[in-house]
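K.L.:
Turn this into a structure:
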Amino acid sequence: MAIKIPDWPSLSAALALTLARMPGDGCLILSATGNRFAQFVMGSEGLWAEIVDDSALVGGYRISPDDAVWLSSHGWSPPSEAGSPNWHRRVPWPAHYNEYEAIADQVVEVLCEVLRISAPTELTVESWVNFSNDKFDVSALG
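P.N.:
The predicted structure follows:
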């Protein structure tokens with residue numbers, strides 16, 4: 001599904017709402033060309049969020065050393081062989097709505113400033129629930 005939201009603040013608000021409504025085992029990916037993406041999984045310990053690592057970017061897109069410092073300073077853990085291949089962080093369960101707003105704000109900032117996506121309308125949304133044929137409501141993003 002293509003995102004039709006024209007501005008970043010509105011996308012952040014819609015993303016926070018969507019994350020707060022995610023069911024257990026729900027998965028959500030926001031992606032743009034060049035393999036630029038943010039992805040989320042709702043698990044029993046909370047929301048797991050990832051930002052693509054530089055090594056997976058294609059088409060000339062890169063995460064600069066300054067961007068990596070920014071990600072680290074804002075609570076993102078770097079990729080590791082023993083863990084996630086992407087930048088990642090967790091929002092523990094149970095979470096207050098303002099925690100979903102905070103992670104949505106940070107992800108939107110990363111999409112715009114670090115991954116250099118010009119507008120939310122460049123993004124597409126994929127969503128599903130692992131281990132089932134269920135879907136969940138992502139209409140706020142559309």
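K.L.:
If the nearest residue to Val91 once chain neighbours are set aside is in a bridge, with which residues?
P.N.:
Spatial nearest neighbour of Val91, excluding adjacent residues (C-beta to C-beta, 6 or more residues apart in numbering): Leu47 at 4.1 Å. The way it works is simple: take the backbone N, C-alpha and C, and place the C-beta from them, glycine included. Judged by DSSP bridges, the bridge partners of Leu47 are Met42, Val91.
K.L.:
Count the neighbours of the closest residue to Glu99 other than its chain neighbours for me.
P.N.:
Nearest residue to Glu99, sequence neighbours excluded (C-beta to C-beta, 6+ apart): Val91, at 5.2 Å. Counted with other C-beta atoms under 10 Å, the neighbours of Val91 add up to 19.
K.L.:
residues touching Val91, list them.
P.N.:
46-47, 49, 99-100, 103 (C-beta atoms under 8 Å, 6 or more residues apart in numbering).
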